[in-house]
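Asker: Here is my input, please return the structure:
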Amino acid sequence: SGAIRVSHAKMFAKGDVFGSAVGAAAQACAAKIYNAADPSLGGKANGSDLVWDEVAVDPDAAAVSADGECFRSLDALFAAKPDAGTIAVLKSGELTKEVAVMGDLTIIGKNGASIWPAATAKFSVTGGAKLTLKDITVADYSGNASLFYVSGEGSELVLDDGAMLKNICCNAISGACGPVFADNKATLTMVSGALIVECRATSARNNENGGYGGGVYLQRGAVLDMQGGSIVNCHADRNGGGVYAYKSTVRLAGDATVAGNDSKEYGHNIFLAKSGDRVTVVGQLTGGKATVGVSGLYNEDNAPGGVFATAEVTPDEDTLAAFACDADDSLYAEFSDGKVVWNKKAHTEEVDPSDPEEMAKAFVCVKYPDGSETYWTSIDSAFANLVGDATVTLLKDCELTKSIAVDWEVKLTSESGSAVLTRTVTDAGFVVS
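Answerer: Numbering: from 1, shown residues only. Model (predicted):
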(Lines give C-alpha, C1' and ligand atoms only; values in the text may rest on other atoms or scores of the structure.)
Protein backbone atom coordinates (compact mmCIF):
# COMPACT_ATOMS: atom_id res chain seq x y z
CA SER A 1 0.00 0.00 0.00
CA GLY A 2 3.00 2.27 0.40
CA ALA A 3 5.26 3.90 -2.19
CA ILE A 4 8.96 3.59 -2.87
CA ARG A 5 11.08 6.42 -4.22
CA VAL A 6 14.21 5.52 -6.22
CA SER A 7 16.89 7.64 -7.81
CA HIS A 8 20.16 6.96 -9.56
CA ALA A 9 22.84 9.31 -10.82
CA LYS A 10 22.44 8.18 -14.44
CA MET A 11 18.92 6.78 -14.65
CA PHE A 12 16.52 9.68 -14.63
CA ALA A 13 14.95 9.44 -18.08
CA LYS A 14 11.97 7.65 -19.53
CA GLY A 15 12.90 4.15 -20.66
CA ASP A 16 15.95 3.80 -18.41
CA VAL A 17 16.30 0.46 -16.66
CA PHE A 18 16.60 0.69 -12.89
CA GLY A 19 15.83 -2.86 -11.70
CA SER A 20 14.61 -6.35 -12.45
CA ALA A 21 11.00 -7.54 -12.68
CA VAL A 22 10.40 -10.99 -11.16
CA GLY A 23 7.06 -12.78 -10.79
CA ALA A 24 3.46 -12.11 -11.66
CA ALA A 25 3.14 -9.24 -9.18
CA ALA A 26 5.98 -7.26 -10.74
CA GLN A 27 3.70 -4.88 -12.65
CA ALA A 28 1.59 -4.03 -9.63
CA CYS A 29 4.68 -3.51 -7.48
CA ALA A 30 6.35 -1.38 -10.14
CA ALA A 31 3.38 1.00 -10.06
CA LYS A 32 4.27 1.84 -6.44
CA ILE A 33 7.74 3.03 -7.38
CA TYR A 34 8.39 6.70 -8.15
CA ASN A 35 11.46 8.40 -9.56
CA ALA A 36 12.81 10.63 -6.79
CA ALA A 37 14.58 12.85 -9.34
CA ASP A 38 11.53 13.24 -11.60
CA PRO A 39 8.15 12.48 -10.02
CA SER A 40 6.44 12.54 -13.41
CA LEU A 41 8.06 9.14 -13.97
CA GLY A 42 7.12 5.89 -12.29
CA GLY A 43 8.06 2.23 -12.43
CA LYS A 44 6.84 -0.15 -15.11
CA ALA A 45 7.62 -3.80 -15.74
CA ASN A 46 8.97 -4.36 -19.24
CA GLY A 47 9.70 -8.03 -19.58
CA SER A 48 12.32 -8.83 -16.98
CA ASP A 49 13.30 -5.18 -16.52
CA LEU A 50 11.95 -2.36 -14.38
CA VAL A 51 11.98 0.83 -16.43
CA TRP A 52 10.90 4.41 -15.89
CA ASP A 53 7.72 5.45 -17.64
CA GLU A 54 5.34 8.38 -17.47
CA VAL A 55 2.89 7.89 -14.63
CA ALA A 56 -0.84 8.14 -15.18
CA VAL A 57 -1.80 11.56 -13.88
CA ASP A 58 -4.86 13.73 -13.67
CA PRO A 59 -5.15 15.28 -17.16
CA ASP A 60 -5.70 18.64 -15.48
CA ALA A 61 -2.69 18.30 -13.18
CA ALA A 62 -0.22 21.19 -13.22
CA ALA A 63 2.39 19.51 -11.04
CA VAL A 64 3.34 16.22 -9.42
CA SER A 65 4.91 15.97 -5.97
CA ALA A 66 7.77 13.66 -5.02
CA ASP A 67 5.36 10.94 -3.84
CA GLY A 68 3.39 11.00 -7.08
CA GLU A 69 0.43 13.05 -5.87
CA CYS A 70 -1.08 15.33 -8.51
CA PHE A 71 -2.03 18.97 -8.00
CA ARG A 72 -3.90 21.30 -10.29
CA SER A 73 -1.88 24.36 -9.29
CA LEU A 74 1.52 25.14 -7.84
CA ASP A 75 -0.14 27.10 -5.04
CA ALA A 76 -2.07 23.98 -4.01
CA LEU A 77 1.04 21.80 -4.11
CA PHE A 78 3.15 24.07 -1.91
CA ALA A 79 0.29 24.63 0.50
CA ALA A 80 -0.09 20.88 1.01
CA LYS A 81 3.59 19.95 0.88
CA PRO A 82 5.84 22.84 1.96
CA ASP A 83 8.80 20.43 2.04
CA ALA A 84 8.08 19.03 -1.38
CA GLY A 85 11.53 17.59 -2.19
CA THR A 86 11.45 17.26 -5.99
CA ILE A 87 8.42 18.33 -7.98
CA ALA A 88 7.67 18.15 -11.69
CA VAL A 89 5.80 21.01 -13.34
CA LEU A 90 3.70 19.50 -16.12
CA LYS A 91 1.91 22.58 -17.44
CA SER A 92 2.59 26.29 -17.50
CA GLY A 93 0.69 28.13 -14.81
CA GLU A 94 0.57 30.97 -12.32
CA LEU A 95 2.11 31.10 -8.87
CA THR A 96 0.43 33.63 -6.57
CA LYS A 97 1.89 32.90 -3.12
CA GLU A 98 5.26 32.95 -1.39
CA VAL A 99 7.21 29.71 -1.36
CA ALA A 100 9.37 29.57 1.77
CA VAL A 101 12.05 26.96 1.07
CA MET A 102 13.38 25.47 4.31
CA GLY A 103 15.02 22.26 3.07
CA ASP A 104 16.08 21.07 -0.39
CA LEU A 105 13.56 21.76 -3.14
CA THR A 106 14.05 20.91 -6.81
CA ILE A 107 11.63 22.11 -9.47
CA ILE A 108 11.93 20.49 -12.88
CA GLY A 109 9.92 21.44 -15.93
CA LYS A 110 8.35 19.01 -18.36
CA ASN A 111 7.38 19.70 -21.97
CA GLY A 112 8.60 23.31 -21.91
CA ALA A 113 6.49 24.29 -18.88
CA SER A 114 6.76 27.80 -17.39
CA ILE A 115 5.93 29.38 -14.05
CA TRP A 116 4.25 32.80 -14.24
CA PRO A 117 4.59 34.51 -10.86
CA ALA A 118 2.02 37.09 -9.81
CA ALA A 119 3.14 40.25 -8.03
CA THR A 120 2.33 38.52 -4.72
CA ALA A 121 4.62 35.56 -5.40
CA LYS A 122 8.12 35.08 -4.03
CA PHE A 123 10.71 32.36 -3.47
CA SER A 124 12.52 32.74 -0.13
CA VAL A 125 15.54 30.50 0.46
CA THR A 126 16.90 30.89 3.99
CA GLY A 127 18.35 28.94 6.90
CA GLY A 128 20.71 26.87 4.78
CA ALA A 129 17.98 25.77 2.37
CA LYS A 130 18.55 25.01 -1.31
CA LEU A 131 16.31 25.63 -4.32
CA THR A 132 17.21 24.11 -7.69
CA LEU A 133 15.51 24.97 -10.98
CA LYS A 134 16.03 22.71 -13.99
CA ASP A 135 14.43 22.75 -17.44
CA ILE A 136 11.92 25.36 -16.28
CA THR A 137 11.21 28.95 -17.30
CA VAL A 138 10.13 31.51 -14.71
CA ALA A 139 8.84 34.51 -16.59
CA ASP A 140 6.83 37.73 -16.67
CA TYR A 141 6.97 38.88 -13.06
CA SER A 142 6.63 42.50 -12.00
CA GLY A 143 6.59 43.30 -8.30
CA ASN A 144 7.94 45.55 -5.59
CA ALA A 145 10.35 42.97 -4.15
CA SER A 146 12.92 40.50 -5.43
CA LEU A 147 11.27 37.39 -6.84
CA PHE A 148 14.11 35.22 -5.52
CA TYR A 149 15.50 36.11 -2.10
CA VAL A 150 18.40 33.95 -0.87
CA SER A 151 19.94 34.75 2.51
CA GLY A 152 22.30 33.19 5.00
CA GLU A 153 25.41 31.07 4.84
CA GLY A 154 24.66 27.73 3.20
CA SER A 155 21.51 28.99 1.51
CA GLU A 156 21.66 28.49 -2.25
CA LEU A 157 19.70 29.04 -5.44
CA VAL A 158 20.87 26.80 -8.29
CA LEU A 159 19.97 27.55 -11.89
CA ASP A 160 20.67 24.21 -13.52
CA ASP A 161 20.75 23.36 -17.22
CA GLY A 162 17.59 24.59 -18.94
CA ALA A 163 16.59 27.01 -16.19
CA MET A 164 15.59 30.44 -17.47
CA LEU A 165 14.57 33.62 -15.65
CA LYS A 166 13.01 35.92 -18.23
CA ASN A 167 11.35 39.32 -18.02
CA ILE A 168 11.57 39.51 -14.22
CA CYS A 169 11.18 43.11 -13.05
CA CYS A 170 11.89 44.25 -9.51
CA ASN A 171 10.42 47.72 -9.02
CA ALA A 172 11.65 48.51 -5.52
CA ILE A 173 9.55 50.83 -3.36
CA SER A 174 12.20 50.85 -0.63
CA GLY A 175 15.57 49.24 -0.09
CA ALA A 176 17.81 47.60 -2.64
CA CYS A 177 16.77 44.60 -4.65
CA GLY A 178 17.18 42.88 -7.97
CA PRO A 179 15.22 40.05 -9.61
CA VAL A 180 17.59 37.69 -7.74
CA PHE A 181 18.79 39.06 -4.38
CA ALA A 182 21.55 37.07 -2.64
CA ASP A 183 22.43 38.36 0.82
CA ASN A 184 24.56 37.55 3.86
CA LYS A 185 26.92 34.85 2.48
CA ALA A 186 24.23 33.13 0.40
CA THR A 187 25.08 31.66 -3.02
CA LEU A 188 23.59 31.82 -6.50
CA THR A 189 25.00 29.04 -8.68
CA MET A 190 24.63 28.97 -12.46
CA VAL A 191 25.78 26.21 -14.80
CA SER A 192 26.08 25.94 -18.56
CA GLY A 193 22.62 26.15 -20.11
CA ALA A 194 21.19 28.45 -17.41
CA LEU A 195 19.97 31.86 -18.51
CA ILE A 196 18.91 35.17 -16.94
CA VAL A 197 17.59 37.36 -19.73
CA GLU A 198 15.62 40.57 -20.20
CA CYS A 199 15.28 41.18 -16.48
CA ARG A 200 15.17 44.63 -14.85
CA ALA A 201 15.79 46.48 -11.62
CA THR A 202 13.82 49.71 -11.49
CA SER A 203 13.13 52.24 -8.77
CA ALA A 204 9.61 53.21 -7.71
CA ARG A 205 8.64 56.44 -5.97
CA ASN A 206 12.13 57.90 -6.27
CA ASN A 207 13.57 55.23 -3.99
CA GLU A 208 17.29 56.08 -3.84
CA ASN A 209 18.26 52.50 -3.04
CA GLY A 210 16.36 50.86 -5.92
CA GLY A 211 17.39 50.19 -9.48
CA TYR A 212 20.57 48.20 -8.79
CA GLY A 213 21.38 44.79 -10.26
CA GLY A 214 19.24 44.24 -13.35
CA GLY A 215 19.81 40.49 -13.21
CA VAL A 216 21.43 39.79 -9.85
CA TYR A 217 22.03 41.83 -6.69
CA LEU A 218 24.71 40.62 -4.25
CA GLN A 219 25.61 42.04 -0.86
CA ARG A 220 27.28 41.21 2.48
CA GLY A 221 29.50 38.36 1.39
CA ALA A 222 27.12 36.76 -1.10
CA VAL A 223 28.58 34.71 -3.95
CA LEU A 224 27.60 34.39 -7.60
CA ASP A 225 29.19 31.12 -8.69
CA MET A 226 28.97 31.11 -12.49
CA GLN A 227 30.26 27.73 -13.57
CA GLY A 228 28.62 28.60 -16.88
CA GLY A 229 25.41 30.14 -18.15
CA SER A 230 24.51 33.63 -19.27
CA ILE A 231 23.19 36.92 -17.91
CA VAL A 232 22.26 38.99 -20.96
CA ASN A 233 20.03 41.86 -22.07
CA CYS A 234 19.16 42.96 -18.54
CA HIS A 235 18.77 46.56 -17.36
CA ALA A 236 19.28 48.58 -14.17
CA ASP A 237 17.93 52.06 -13.61
CA ARG A 238 21.11 52.82 -11.65
CA ASN A 239 24.17 50.56 -11.45
CA GLY A 240 24.94 46.99 -12.44
CA GLY A 241 22.84 46.18 -15.50
CA GLY A 242 23.73 42.49 -15.25
CA VAL A 243 25.19 42.06 -11.75
CA TYR A 244 25.61 44.44 -8.81
CA ALA A 245 28.14 43.13 -6.29
CA TYR A 246 28.69 44.93 -2.98
CA LYS A 247 31.22 43.34 -0.62
CA SER A 248 30.56 40.13 -2.52
CA THR A 249 32.26 37.75 -4.93
CA VAL A 250 31.61 36.78 -8.55
CA ARG A 251 33.26 33.46 -9.46
CA LEU A 252 33.64 32.69 -13.18
CA ALA A 253 34.45 29.59 -15.20
CA GLY A 254 33.40 27.73 -18.36
CA ASP A 255 31.05 29.51 -20.75
CA ALA A 256 29.97 32.09 -18.17
CA THR A 257 28.75 35.16 -20.06
CA VAL A 258 27.68 38.54 -18.68
CA ALA A 259 27.29 40.78 -21.71
CA GLY A 260 24.84 42.97 -23.58
CA ASN A 261 23.35 44.41 -20.40
CA ASP A 262 22.94 48.11 -19.69
CA SER A 263 22.47 50.61 -16.88
CA LYS A 264 21.61 54.29 -16.71
CA GLU A 265 24.61 55.09 -14.51
CA TYR A 266 27.60 52.77 -14.01
CA GLY A 267 28.46 49.16 -14.66
CA HIS A 268 26.54 47.80 -17.61
CA ASN A 269 27.43 44.18 -16.94
CA ILE A 270 29.25 43.30 -13.68
CA PHE A 271 29.55 46.28 -11.35
CA LEU A 272 31.96 45.97 -8.42
CA ALA A 273 30.42 48.47 -6.04
CA LYS A 274 33.16 48.75 -3.43
CA SER A 275 36.88 49.27 -3.84
CA GLY A 276 38.50 45.91 -3.18
CA ASP A 277 35.62 43.86 -4.58
CA ARG A 278 36.95 41.38 -7.11
CA VAL A 279 35.90 38.91 -9.74
CA THR A 280 37.52 35.50 -9.20
CA VAL A 281 38.62 33.36 -12.13
CA VAL A 282 38.16 29.77 -10.95
CA GLY A 283 38.44 28.12 -14.37
CA GLN A 284 39.23 29.02 -17.96
CA LEU A 285 36.54 31.02 -19.76
CA THR A 286 35.24 29.59 -23.02
CA GLY A 287 32.37 31.93 -23.89
CA GLY A 288 34.35 33.97 -26.42
CA LYS A 289 35.86 37.40 -26.83
CA ALA A 290 34.43 40.28 -24.73
CA THR A 291 31.76 38.09 -23.12
CA VAL A 292 32.30 39.33 -19.56
CA GLY A 293 32.02 43.06 -18.97
CA VAL A 294 33.41 44.42 -15.69
CA SER A 295 33.79 47.84 -14.13
CA GLY A 296 34.35 49.31 -10.68
CA LEU A 297 33.16 52.30 -8.69
CA TYR A 298 36.30 54.44 -8.81
CA ASN A 299 38.30 55.78 -11.76
CA GLU A 300 41.42 53.95 -10.62
CA ASP A 301 39.49 50.66 -10.83
CA ASN A 302 38.93 51.28 -14.54
CA ALA A 303 42.40 52.50 -15.52
CA PRO A 304 45.69 50.88 -16.51
CA GLY A 305 46.95 48.90 -13.52
CA GLY A 306 43.49 48.64 -11.95
CA VAL A 307 43.01 45.21 -10.36
CA PHE A 308 39.56 43.76 -11.05
CA ALA A 309 40.07 40.02 -10.61
CA THR A 310 42.02 37.36 -8.80
CA ALA A 311 42.72 33.95 -10.29
CA GLU A 312 42.69 30.47 -8.80
CA VAL A 313 44.09 29.21 -12.11
CA THR A 314 46.49 30.94 -14.48
CA PRO A 315 44.16 32.43 -17.11
CA ASP A 316 44.88 31.52 -20.71
CA GLU A 317 44.65 33.94 -23.65
CA ASP A 318 41.00 33.12 -24.36
CA THR A 319 40.10 33.80 -20.74
CA LEU A 320 41.83 37.18 -20.72
CA ALA A 321 40.22 38.06 -24.06
CA ALA A 322 36.78 37.31 -22.57
CA PHE A 323 37.02 40.37 -20.31
CA ALA A 324 36.04 43.85 -21.43
CA CYS A 325 36.11 47.02 -19.35
CA ASP A 326 32.66 48.60 -19.43
CA ALA A 327 34.07 51.99 -18.44
CA ASP A 328 36.85 52.16 -21.07
CA ASP A 329 36.89 49.92 -24.14
CA SER A 330 40.51 50.83 -24.86
CA LEU A 331 41.61 48.62 -21.94
CA TYR A 332 42.37 44.91 -22.06
CA ALA A 333 42.88 42.26 -19.39
CA GLU A 334 46.40 41.17 -18.44
CA PHE A 335 47.63 38.64 -15.87
CA SER A 336 50.31 40.00 -13.56
CA ASP A 337 51.62 38.77 -10.19
CA GLY A 338 48.63 36.50 -9.62
CA LYS A 339 46.09 39.21 -10.39
CA VAL A 340 44.09 40.25 -13.44
CA VAL A 341 44.55 43.93 -14.23
CA TRP A 342 43.57 46.37 -16.93
CA ASN A 343 46.19 47.63 -19.34
CA LYS A 344 46.08 50.19 -22.13
CA LYS A 345 45.90 48.86 -25.64
CA ALA A 346 48.95 49.90 -27.57
CA HIS A 347 48.36 52.27 -30.46
CA THR A 348 50.86 50.39 -32.57
CA GLU A 349 48.67 47.36 -33.06
CA GLU A 350 47.99 46.19 -36.57
CA VAL A 351 44.30 45.56 -37.17
CA ASP A 352 43.07 42.21 -38.46
CA PRO A 353 40.89 43.00 -41.52
CA SER A 354 39.02 39.68 -41.17
CA ASP A 355 37.65 40.69 -37.75
CA PRO A 356 34.76 43.21 -38.03
CA GLU A 357 35.20 44.29 -34.40
CA GLU A 358 38.88 45.01 -34.97
CA MET A 359 38.22 46.81 -38.25
CA ALA A 360 36.00 49.26 -36.39
CA LYS A 361 39.20 50.42 -34.65
CA ALA A 362 41.16 50.98 -37.89
CA PHE A 363 42.17 54.57 -38.65
CA VAL A 364 44.65 54.06 -41.48
CA CYS A 365 44.97 51.77 -44.49
CA VAL A 366 48.33 51.15 -46.16
CA LYS A 367 48.16 49.78 -49.71
CA TYR A 368 51.25 48.54 -51.56
CA PRO A 369 51.77 48.33 -55.35
CA ASP A 370 51.23 44.55 -55.31
CA GLY A 371 47.69 45.10 -53.97
CA SER A 372 48.37 43.96 -50.41
CA GLU A 373 46.88 46.05 -47.61
CA THR A 374 47.51 46.56 -43.90
CA TYR A 375 45.35 48.40 -41.38
CA TRP A 376 46.50 50.35 -38.33
CA THR A 377 45.06 52.08 -35.28
CA SER A 378 47.11 55.28 -35.84
CA ILE A 379 49.05 57.06 -38.54
CA ASP A 380 52.15 56.90 -36.34
CA SER A 381 52.09 53.12 -36.35
CA ALA A 382 51.26 52.95 -40.06
CA PHE A 383 54.34 54.98 -41.06
CA ALA A 384 56.55 53.25 -38.50
CA ASN A 385 55.81 49.91 -40.15
CA LEU A 386 56.10 50.87 -43.84
CA VAL A 387 58.10 48.36 -45.88
CA GLY A 388 58.06 50.11 -49.27
CA ASP A 389 56.33 52.60 -51.55
CA ALA A 390 52.67 52.83 -50.63
CA THR A 391 49.43 54.76 -50.57
CA VAL A 392 48.47 55.72 -47.01
CA THR A 393 44.74 56.39 -46.67
CA LEU A 394 43.12 58.04 -43.67
CA LEU A 395 39.89 56.22 -42.85
CA LYS A 396 39.02 58.60 -39.99
CA ASP A 397 40.37 61.78 -38.43
CA CYS A 398 43.89 61.03 -37.13
CA GLU A 399 46.37 62.57 -34.72
CA LEU A 400 50.07 62.84 -35.53
CA THR A 401 52.09 62.56 -32.33
CA LYS A 402 55.60 61.87 -33.60
CA SER A 403 58.23 63.10 -36.04
CA ILE A 404 58.11 60.65 -38.94
CA ALA A 405 60.97 60.05 -41.35
CA VAL A 406 59.62 59.22 -44.81
CA ASP A 407 62.09 57.01 -46.66
CA TRP A 408 59.74 55.74 -49.37
CA GLU A 409 57.54 57.22 -52.05
CA VAL A 410 54.28 57.71 -50.20
CA LYS A 411 50.93 59.08 -51.31
CA LEU A 412 48.86 60.39 -48.37
CA THR A 413 45.14 60.56 -49.04
CA SER A 414 41.73 60.34 -47.39
CA GLU A 415 39.09 57.70 -48.04
CA SER A 416 36.18 60.13 -47.71
CA GLY A 417 38.04 63.24 -48.75
CA SER A 418 37.19 64.86 -45.45
CA ALA A 419 39.33 63.03 -42.87
CA VAL A 420 41.52 65.47 -40.93
CA LEU A 421 45.12 64.93 -39.82
CA THR A 422 45.90 66.94 -36.68
CA ARG A 423 49.30 67.51 -35.10
CA THR A 424 48.95 67.15 -31.34
CA VAL A 425 52.64 67.37 -30.42
CA THR A 426 54.73 70.42 -31.35
CA ASP A 427 57.62 68.42 -32.77
CA ALA A 428 55.41 66.05 -34.75
CA GLY A 429 55.68 66.18 -38.52
CA PHE A 430 57.08 64.53 -41.64
CA VAL A 431 60.78 64.54 -42.52
CA VAL A 432 61.21 63.69 -46.20
CA SER A 433 64.67 62.57 -47.32
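
Asker: Going by C-alpha atoms from here, please, whenever you check contacts or count neighbours.
Answerer: Noted.

Asker: Run through the bridge partners of residue 400.
Answerer: Residue 400 has the following beta-bridge partners by DSSP bridges: residue 423.

Asker: from what I can see it touches residue 421, true?
Answerer: Yes: here residue 400 reaches residue 421: they are 6.9 Å apart, a contact under CA atoms under 8 Å.

Asker: helix or strand right after the least confident helix or strand in the chain by mean pLDDT?
Answerer: Ranked by mean pLDDT, DSSP states H and E, the weakest helix or strand in the chain is strand 4-6, scoring a mean of 59. Downstream of strand 4-6, the first helix or strand assigned by DSSP states H and E is strand 17-20.

Asker: Please name the strands paired to that following strand in the sheet, noting orientation.
Answerer: Here, using DSSP bridges, strand 17-20 pairs with strand 49-54 (antiparallel).

Asker: what's the next helix or strand after the strand it pairs with packed up against?
Answerer: Counting by DSSP H and E, the next helix or strand C-terminal to strand 49-54 is strand 63-64. On a contact count with 3 or more CA pairs under 8 Å, 6 or more residues apart in numbering; DSSP states H and E, strand 63-64 meets strand 70-71, strand 86-89.

Asker: I'd like those written out as JSON lines, with mean neighbour count added.
Answerer: Putting the helices and strands packed on strand 63-64 into JSON lines (neighbours: other CA atoms under 10 Å) gives the following:
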{"stretch": "strand 70-71", "mean neighbour count": "22"}
{"stretch": "strand 86-89", "mean neighbour count": "26"}
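
Asker: Contacts for the one helix or strand residue 182 maps to, please.
Answerer: Using DSSP H and E, residue 182 falls within strand 180-183. Strand 180-183 is contacted from outside by 146-152, 188, 215-223, using CA atoms under 8 Å, 6 or more residues apart in numbering.

Asker: ok, 7 Å please
Answerer: Strand 180-183 has contacts (CA atoms under 7 Å, 6 or more residues apart in numbering) with 146-152, 188, 215-220, 222.

Asker: now that we have these, which one has the most neighbours?
Answerer: residue 215 (37 neighbours; other CA atoms under 10 Å).

Asker: For that one, which non-adjacent residue is spatially closest?
Answerer: Distances taken as CA to CA, 6 or more residues apart in numbering place residue 242 nearest to residue 215, at 4.9 Å, with adjacent residues excluded.

Asker: Next up, the contacts around that neighbour.
Answerer: Counting by CA under 7 Å, 6+ apart, residue 242 touches 213-216, 231-232, 234-235, 258, 261, 268-270.

Asker: now those residues: which count as buried?
Answerer: Neighbour counting with 16 or more other CA atoms under 10 Å marks 213-216, 231-232, 234-235, 258, 261, 268-270 as buried within these.

Asker: give me phi/psi at the residue lying closest to residue 429 once chain neighbours are set aside?
Answerer: The shortest distance from residue 429 to any non-neighbouring residue, by CA to CA, 6+ apart, is to residue 403 (4.7 Å). When read as degrees, to the nearest 10, the backbone of residue 403 gives phi -90, psi 120.

Asker: State the distance from residue 403 to residue 95.
Answerer: Distance of residue 403 to residue 95, computed by CA to CA, to the nearest Å: 70 Å.

Asker: ok so, going back, now tabulate the buried ones among the contacts of residue 242 in CSV and tack on distance to residue 368, secondary structure and pLDDT.
Answerer: Below are the buried ones among the contacts of residue 242 laid out as CSV (distance: CA to CA, whole Å; DSSP: H, G, I helix; E, B strand; the rest coil; pLDDT from 0 to 100):
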residue, distance to residue 368, secondary structure, pLDDT
213, 51, coil, 94
214, 50, coil, 95
215, 50, coil, 97
216, 52, strand, 97
231, 45, strand, 98
232, 43, strand, 97
234, 46, coil, 97
235, 47, strand, 95
258, 42, strand, 98
261, 42, coil, 96
268, 42, coil, 94
269, 42, coil, 97
270, 44, strand, 97
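
Asker: Just put the residues you listed in JSON lines and tack on distance to residue 296.
Answerer: As requested, the buried ones among the contacts of residue 242 are exported to JSON lines (distance: CA to CA, whole Å):
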{"residue": "213", "distance to residue 296": "14"}
{"residue": "214", "distance to residue 296": "16"}
{"residue": "215", "distance to residue 296": "17"}
{"residue": "216", "distance to residue 296": "16"}
{"residue": "231", "distance to residue 296": "18"}
{"residue": "232", "distance to residue 296": "19"}
{"residue": "234", "distance to residue 296": "18"}
{"residue": "235", "distance to residue 296": "17"}
{"residue": "258", "distance to residue 296": "15"}
{"residue": "261", "distance to residue 296": "15"}
{"residue": "268", "distance to residue 296": "11"}
{"residue": "269", "distance to residue 296": "11"}
{"residue": "270", "distance to residue 296": "8"}
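
Asker: Just the closest of these to residue 250, please.
Answerer: residue 270 (8.6 Å; CA to CA).

Asker: what's that closest one in contact with, if anything?
Answerer: Taking CA under 7 Å, 6+ apart, we find residue 270 in contact with 240, 242-244, 293-295.

Asker: Tell me the most packed of the residues you listed, by neighbour count.
Answerer: In terms of neighbour count, residue 242 stands highest of those at 38 neighbours, by other CA under 10 Å.

Asker: Which pLDDT does the model give that one?
Answerer: At residue 242, the model reports a pLDDT of 97.

Asker: re the thing from before, help me confirm that the residue nearest to residue 429 comes into contact with residue 425.
Answerer: No: judged on CA atoms under 7 Å, residue 403 makes no contact with residue 425 at a distance of 9.0 Å.

Asker: Now do the SS call for residue 107.
Answerer: Classification of residue 107 using DSSP: H, G, I helix; E, B strand; the rest coil returns strand.

Asker: Would you check that it makes contact with residue 132?
Answerer: Yes: under the criterion of CA under 7 Å, residue 107 makes contact with residue 132 at 6.2 Å.

Asker: who has more neighbours, those two?
Answerer: With neighbours defined as other CA under 10 Å, residue 107 and residue 132 compare such that residue 107 has more, 22 against 17.

Asker: how about that one, what does it touch?
Answerer: 86-88, 132-134.

Asker: what bits of the stretch 51-200 of the chain have low per-residue confidence?
Answerer: 52-58, 82, 84, 173-176 (pLDDT under 70).

Asker: circling back: look at residue 400 and residue 421 and report which has more neighbours.
Answerer: Of the pair residue 400 and residue 421, residue 400 is the one with more neighbours under other CA under 10 Å, namely 20 against 14.
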